[in-house]
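Q: just to be clear, the model below is a prediction. Sequence and coordinates:
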Amino acid sequence: MTLAFDVAPDRIVDKLTNSDFTMTDKTLIVSAPGKVILHGEHAVVHGKVALAVSLNLRTYLQIGLCSNGRVQINLPNIDTWIITPGKRTTNQLTTSQEQVDKLRQFAGIPDGCVDTRSLAILCFLYLYGAISASSRQLPSMEILVWSELPTGAGLGSSAAYSVCLAAALLTANESIACPVPEENGTVRWAEDELELINKWAFQGEKLIHGNPSGVDNAVGTWGGALKYHAGKIMPLNRIPTLRILLTNTKVPRSTKTLVAGVKDKLNKFPSIIGPILNSIDAISCECERTLAAIVAGDSTEESYAVLEELIDINQHHLNVIGVGHSSLDRLCQATALHSLHSKLTGAGGGGCGITLLRPDTSPSVVEASKRALNDMGYDCWETNIGGHGVSLHSPSSLQRDVSQLLTRLTDCQ
Ligand SMILES: Nc1ncnc2c1ncn2[C@@H]1O[C@H](COP(=O)(O)OP(=O)(O)O)[C@@H](O)[C@H]1O
Ligand SMILES: C[C@@](O)(CCOP(=O)(O)O)CC(=O)O
Ligand SMILES: [Mg+2]
């Protein structure tokens, strides 16, 4: 189904519609990576340390400027397509509750709504209106967002979406430069421009998560491996090439609801939950030290045993703070049968888990674990980590399957 919203300033009318756009100007393609959090999810929202790495799975956004006075956004992953005349909001890097309430009213989205489509639309409307606020005229545009990441599974799809939107809208609005990728090439923005992208993406995450830590949008912006602590982003240079098995339980959940649940528990039992968050902080720091020891070549066997134990302890902590799920328990049990150690990643409550593989874990063990997980109905794959941060692409630099898909989706519009 393709659903289009024809939005008038004070009402919203659902209807099926055909596009009559004429693309007049250049088309830009940007992409941003998803992430896995090794340790520190949820605790990082409360000022503790998190360690996160980018994935090789990306979200792609294609933006074309038009001249028909309208804005169209097509979101095939969540089967949503909206057309709107656009709404200006104030160009501020802070979201006031009043502004968000006005936008909710404009889009007909009730307060507290965690519906996938509503959150994606709210995030887009906010970033579009706020970033374009300084322009004399609100720009007409046609946007297509497509992702290799599962949506709402703990791999940071919301941040990759927000980062792509921020980068594309800031570039279209000339708030940041439009670097020209070479033929077959990919380029990135200058450091101060990345900082601006990251700040706007954080505002987008606020609309989707309610109270994000900022770690996911930082990984989407800069890529690689990083340590995040109270808003400070520190690249992790001393980490070995980690082998990680990623498993999607396919149990849907909402980051916003889970983050709010942990806050409630912390408020209710500060002296019980507080020390657990401190312990998660210590786990992140111990993990960082252990990864550095592996790079330094110090007793790798022992270091991997420490990493495994940290994973087990953290998974128990995450259960205690209320973000576990029986699907994740089954994942941990299935991999433990092959002497592998797993924990949830991201917000939990279902979604994805990570399993650490040692450099010498044999292919037969990996295959047997994957088979067991597949038999439980989960998707499972050994992943590459360390994808580059937000980037601008020449169409010819895209992998053929991605390029063909974007073309097909554009033709369908
Ligand atoms: N490709 C996409 N197209 C549209 N919206 C997206 C896309 N990816 C993510 N989103 C938005 O992000 C939300 C999922 O974010 P979240 O619950 O934080 O899960 P995660 O970030 O782990 O994938 C979705 O409900 C949707 O609003
Ligand atoms: C739970 C949390 O630590 C990570 C959420 O990641 P995800 O949206 O589940 O991919 C929240 C945050 O850091 O903003
Ligand atoms: Mg998210």
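A: Looks like it arrived, so ask away. Numbers count the residues shown, from 1 in each chain. Ligands and ions are numbered 1, 2, ... in the order given.
Q: for the residue in the stretch 201-350 of the chain that ligand 3 sits nearest to, what are its contacts?
A: Going by Cβ to the ion, ligand 3 is nearest to Thr255 of the stretch 201-350 of the chain, at 4.5 Å. C-beta: built from backbone N, CA, C; applies to glycine. Residues near Thr255 by Cβ atoms under 8 Å, 6 or more residues apart in numbering: 152, 154, 158, 208-209, 346-347.
Q: kindly report the same for Ile313.
A: So Ile313 contacts 279, 283 (Cβ under 8 Å, 6+ apart).
Q: flag every buried residue along the helix or strand that contains it.
A: Applying DSSP states H and E as the criterion places Ile313 in helix 300-320. Across helix 300-320, burial judged by 16 or more other Cβ atoms under 10 Å covers 300, 303-304, 306-308, 310-311, 313-315, 317-319.
Q: repeat that for stretch 344-360.
A: Using 16+ other Cβ under 10 Å as the test for burial, stretch 344-360 gives 344-358.
Q: farthest pair in the residues you listed?
A: Maximum pairwise distance in these, criterion Cβ to Cβ, is 28.4 Å, between Gly349 and Arg358.
Q: got the contact list for Glu309?
A: His341.
Q: returning to that earlier point: including pLDDT, could the contacts of Thr255 go into TSV?
A: Formatted as TSV, these follow (pLDDT from 0 to 100):
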residue	pLDDT
Gly152	96
Gly154	98
Ser158	98
Ile208	94
His209	91
Gly346	98
Ala347	98
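Q: restricting to the residues you listed, which residues neighbour ligand 2?
A: Applying Cβ under 6 Å from any ligand atom to the contacts of Thr255, one finds that 154, 158, 209, 346-347 fall near ligand 2.
Q: element containing whichever residue of the chain sits closest to ligand 3?
A: Across the chain, the shortest distance to ligand 3 (Cβ to the ion) belongs to Ser158, at 3.3 Å. Using DSSP H and E, Ser158 sits within helix 157-172.
Q: same question, Pro33
A: For Pro33, the element it lies in under DSSP H and E is strand 23-39.
Q: could you do Lys102 as well?
A: Assigned by DSSP H and E, Lys102 belongs to helix 97-107.
Q: then the helix or strand following that helix to PDB, C-alphas only?
A: With elements assigned by DSSP H and E, the helix or strand that comes after helix 97-107 is helix 116-131. C-alpha atoms of helix 116-131 as PDB (Å, rounded to 0.1, in the frame of the first residue of the first chain):
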ATOM      1  CA  THR A 116       6.600   3.900  13.200                       C
ATOM      2  CA  ARG A 117       5.100   6.000  10.400                       C
ATOM      3  CA  SER A 118       4.100   8.900  12.700                       C
ATOM      4  CA  LEU A 119       7.500   9.100  14.200                       C
ATOM      5  CA  ALA A 120       9.300   9.100  10.800                       C
ATOM      6  CA  ILE A 121       6.900  11.800   9.500                       C
ATOM      7  CA  LEU A 122       7.300  13.900  12.600                       C
ATOM      8  CA  CYS A 123      11.100  13.700  12.400                       C
ATOM      9  CA  PHE A 124      11.000  14.700   8.700                       C
ATOM     10  CA  LEU A 125       8.600  17.600   9.200                       C
ATOM     11  CA  TYR A 126      10.600  18.900  12.100                       C
ATOM     12  CA  LEU A 127      14.000  18.800  10.300                       C
ATOM     13  CA  TYR A 128      12.600  20.100   7.000                       C
ATOM     14  CA  GLY A 129      10.800  23.000   8.700                       C
ATOM     15  CA  ALA A 130      13.600  24.000  11.000                       C
ATOM     16  CA  ILE A 131      16.500  23.600   8.600                       C
END
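Q: what packs against helix 116-131?
A: Counting contacts by 3 or more Cβ pairs under 8 Å, 6 or more residues apart in numbering; DSSP states H and E, helix 116-131 is packed against strand 71-75, strand 80-84, helix 97-107, helix 157-172, helix 191-209.
Q: helix or strand right after it?
A: For helix 116-131, the succeeding helix or strand toward the C-terminus, using DSSP H and E, is strand 140-147.
Q: do that next one and ligand 2 come into contact?
A: No. Against ligand 2, strand 140-147 shows no contacts by Cβ under 6 Å from any ligand atom, the least distance being 12.3 Å.
Q: and Asp192, how many neighbours?
A: If you count neighbours by other Cβ atoms under 10 Å, Asp192 ends up with 8.
Q: get me the contact residues on the stretch 51-200 of the chain for ligand 1.
A: Within reach of ligand 1 by Cβ under 6 Å from any ligand atom, the stretch 51-200 of the chain has these residues: 59, 75, 77-78, 116, 119-120, 145, 147, 151-158, 161.
Q: what sits against the residue most central in space within the chain?
A: By Cα atoms, centre = their mean, the chain has its centre lying nearest to Gly156, at 2.2 Å. The contact partners of Gly156, by Cβ under 8 Å, 6+ apart, come to 34-35, 55, 149, 216, 219-220, 346.
Q: cutoff 7 Å now
A: 34-35, 216, 219-220, 346 (Cβ atoms under 7 Å, 6 or more residues apart in numbering).
Q: check which residues of the longest helix along the chain are buried.
A: Selection of the longest helix in the chain by residue count, based on DSSP state H, yields helix 270-295. Buried positions in helix 270-295, judged by neighbour count with 16+ other Cβ under 10 Å: 273, 276-277, 279-281, 283-288, 290-294.
Q: with stretch 359-376 instead?
A: 361, 365-366, 369-370, 372-373.
Q: could those go into CSV alongside pLDDT, secondary structure and distance to Glu191?
A: Below are those laid out as CSV (pLDDT from 0 to 100; DSSP: H, G, I helix; E, B strand; the rest coil; distance: Cβ to Cβ, whole Å):
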residue, pLDDT, secondary structure, distance to Glu191
Thr361, 96, coil, 38
Val365, 98, helix, 42
Val366, 98, helix, 38
Ser369, 98, helix, 41
Lys370, 98, helix, 40
Ala372, 98, helix, 45
Leu373, 98, helix, 40
